[in-house]
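sequence first, then the predicted structure:
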Protein chains: 2
Amino acid sequence: MQSTHIADFRPGMAAAQPTGHEAGRQRQGRLWSNLKEVCDLLHIPSFNIAQTDELLFQHVQFKTGQRIHTIGQPFDMLYVVNSGFLKTVLIDEFGNEQVLSFPMKGDMMGVDGIHTRHYASEAVALSDCDLILLPFRKLASLGRTHVELENMMYGVMSRELVREQAMIGMLGALSAEARVARFLVSLADRFAQMGYSSKLFNLRMTRHEIGSYLGLTLETVSRTLSAFNEVGLISVDQRTIGIKDPDALKNLRRLPPSRARGRQNGAAARARAAEAAETAAAAPAPHTAPPLLAAV
Amino acid sequence: MQSTHIADFRPGMAAAQPTGHEAGRQRQGRLWSNLKEVCDLLHIPSFNIAQTDELLFQHVQFKTGQRIHTIGQPFDMLYVVNSGFLKTVLIDEFGNEQVLSFPMKGDMMGVDGIHTRHYASEAVALSDCDLILLPFRKLASLGRTHVELENMMYGVMSRELVREQAMIGMLGALSAEARVARFLVSLADRFAQMGYSSKLFNLRMTRHEIGSYLGLTLETVSRTLSAFNEVGLISVDQRTIGIKDPDALKNLRRLPPSRARGRQNGAAARARAAEAAETAAAAPAPHTAPPLLAAV
DNA sequence: CGGGTACTTGACTCTCATCAAAGCGCGTGG
DNA sequence: CCACGCGCTTTGATGAGAGTCAAGTACCCG
């Protein structure tokens, strides 16, 4: 899709990139993973997982644009992302998409289907993907004998819940600029965790999808990225993002008004942006303060 | 402003109110519930729960304003609300509260503590409460022998996840008026489910807390309630809310501009408000439409 | 190349936050 | 029992942030 102008550092990325299918073995012409590999992928401590090589979970591949599951479809599977990038969306009563998450390596999908036995969201591959299938019924019964597995389930579900709580807090309380900044930081962190570069990466999603995820319009996302670029917090070239000042991004609440950052060198502007964040961070923070945004 | 005209049916509310502690038995001067009672409370089908009267869970009472657990506190308990009203909040880095939920009878709290073994949120009683304690470790090990219990756990956690997803969708895509409208509807539904009146109830939370929950300011909440009152969708008297037109509220996206609803009788205004909702609902809904709000 | 999709940028609008000032209600203490 | 005070709520005026509409550009793919 966006191939040419980043071809130069694709090699670098490929080098940093784990080989993708490192987990799993061939069998019957398909990939399979054992319990330990799944736990490792999910970052769940799996101390004494017994010899579980007879306990294998099958992989499935999806190509860009394919749907993994749709809303209302009968639930029977959980999915763990082994490689690739996806989005999960809600479709409202008017057919509009609301992006809920961007699952990538190590994330679990499908948990929202357990309750009603039907998936509550839709998952779509944003790139070619390799997913591990976890049949839920089988998994639950296994959990009864393998305590670690049960812990894994509870842990992953709880983690997901906490993640969504953080999302709600962000949507409820942060400005557009702060949302975009945190989105970039969290992406960078996840890339780092996966062994990619956290300083330079490719967005796998469109501005529209980012906007939907953050509760903003695509124009606002685009403008905000441009503004960050202008003050030197990041570099933007289409879907290629370079993180220049992660700390300032992490703490950013509001950029100085645009008229105040007209003709000047980037360093000075960046310094002031960072300063704005620091100032906010150092504020006394009365417990009774209004919920939204400190002054700059 | 609008104080007197609902005092007349205050008594009716008290009558509709269940007696609160109907679940549970006395023992050692305290209330205890068995597994079946807990499942019923959570609305989890519990077909063949064996004789589990030796499996008892203790109740605890909290008074208005008391904290059930705080952020960072070591996790060991889940809580099920047997009676009363609470809020759960996140505290951001500046000390501002972000309300995450308003748990009431049948809701489970504390699930966010499983992952890190520390509660990720804080729970506060908005009224006197009676909670059932579920020691998590004990519960998990019981789940291995009582399959229904395990299903209950997964089901409740998944349900919570779906609820938060809906919240994210709402925060990301709806106008202030639509958010308040849906908040009222969802409250009404929950009251109905609990056996209270869904037409007339008391808010247990302040405008500030509602605003925090919905990502709005308290002034916007207040103004929106007043506007709904003005067009006859609801009646408002401080914390007492009367639902007049639930269907219009459910579908409402945007009220007609205020200048268009100046001097006129309420019925006509309500009709137009409902119509606005219907119109939006009947729209063709192209899949590619912008994420936010149809026109009126 | 040419068509289409994604992205950027500008001008304008409008919703909602902010600031401010009164009412109202309820509990406390005189 | 009433007066006082404080927190909650309402309402108004104002403005800033973000959405909407509209070109125009860059990029991708057949």
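All right, it came through fine. Residues are numbered from 1 along each chain as shown, chains lettered A, B, ... in the order given.

ok, longest helix in chain A?
When chain A is parsed with DSSP state H, its longest helix is helix A:147-173.

that one and chain B in contact?
Yes: counting by Cβ under 8 Å from any Cβ of the partner chain, chain B is contacted by helix A:147-173 at A:147, A:150-151, A:153-155, A:157-162, A:164-169, A:171-173. For every residue, glycine as well, the C-beta is placed using N, CA and C.

which stretch of helix or strand covers the residue found closest to residue A:153 once you drop the neighbours it is linked to in the chain?
Distances taken as Cβ to Cβ, 6 or more residues apart in numbering or on different chains put residue A:143 closest to residue A:153, at 5.9 Å, once the chain neighbours are dropped. Element membership of residue A:143 [criterion: DSSP states H and E] is helix A:136-145.

does anything pack onto that helix? Which helices or strands?
Counting contacts by 3 or more Cβ pairs under 8 Å, 6 or more residues apart in numbering or on different chains; DSSP states H and E, helix A:136-145 packs against strand A:77-83, helix A:147-173, helix B:136-145, helix B:147-173.

between those, which gets nearest to residue B:99?
helix A:147-173 (8.2 Å; Cβ to Cβ).

can you state the direction angle for that closest one and strand A:77-83?
Following axes from the mean of the first three to the mean of the last three Cα atoms, to 10 degrees, one obtains 80 degrees for the angle between helix A:147-173 and strand A:77-83.

residues of the stretch 101-250 of chain A that sit close to DNA strand C?
A:203, A:206-208, A:218-219, A:221-223, A:225-226, A:236, A:238-239 (Cβ under 7 Å from any atom of the strand).

so which of these are also by chain B?
Within these, those near chain B by Cβ under 8 Å from any Cβ are residue A:208.

okay, and which of the residues of the stretch 101-250 of chain A next to DNA strand C map to strands?
residue A:236 (DSSP state E).

mind putting the residues of the stretch 101-250 of chain A next to DNA strand C into TSV with distance to residue B:104?
Formatted as TSV, these follow (distance: Cβ to Cβ, whole Å):
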residue	distance to residue B:104
A:203	41
A:206	40
A:207	40
A:208	37
A:218	38
A:219	40
A:221	37
A:222	42
A:223	42
A:225	42
A:226	45
A:236	46
A:238	48
A:239	45
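
min pLDDT across the residues of the stretch 101-250 of chain A next to DNA strand C, which one?
Among those, residue A:238 carries the weakest pLDDT, at 89.

just to revisit the earlier point, relative to residue B:127, which of the helices and strands packed on helix A:136-145 is closest?
Closest to residue B:127 of the helices and strands packed on helix A:136-145, according to Cβ to Cβ: helix B:147-173, at 21.1 Å.

okay, helices next: where are they in chain A?
A:10-16, A:35-41, A:136-145, A:147-173, A:176-194, A:207-214, A:218-230, A:246-251, A:266-282.

dump those to JSON lines, plus distance to DNA strand D and mean neighbour count.
Listed next are the helices of chain A as JSON lines, based on distance: least, Cβ to the nearest atom of the strand, whole Å; neighbours: other Cβ atoms under 10 Å in any protein chain shown:
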{"stretch": "helix A:10-16", "distance to DNA strand D": "12", "mean neighbour count": "11"}
{"stretch": "helix A:35-41", "distance to DNA strand D": "29", "mean neighbour count": "21"}
{"stretch": "helix A:136-145", "distance to DNA strand D": "36", "mean neighbour count": "16"}
{"stretch": "helix A:147-173", "distance to DNA strand D": "10", "mean neighbour count": "21"}
{"stretch": "helix A:176-194", "distance to DNA strand D": "4", "mean neighbour count": "19"}
{"stretch": "helix A:207-214", "distance to DNA strand D": "7", "mean neighbour count": "23"}
{"stretch": "helix A:218-230", "distance to DNA strand D": "3", "mean neighbour count": "19"}
{"stretch": "helix A:246-251", "distance to DNA strand D": "15", "mean neighbour count": "19"}
{"stretch": "helix A:266-282", "distance to DNA strand D": "11", "mean neighbour count": "17"}
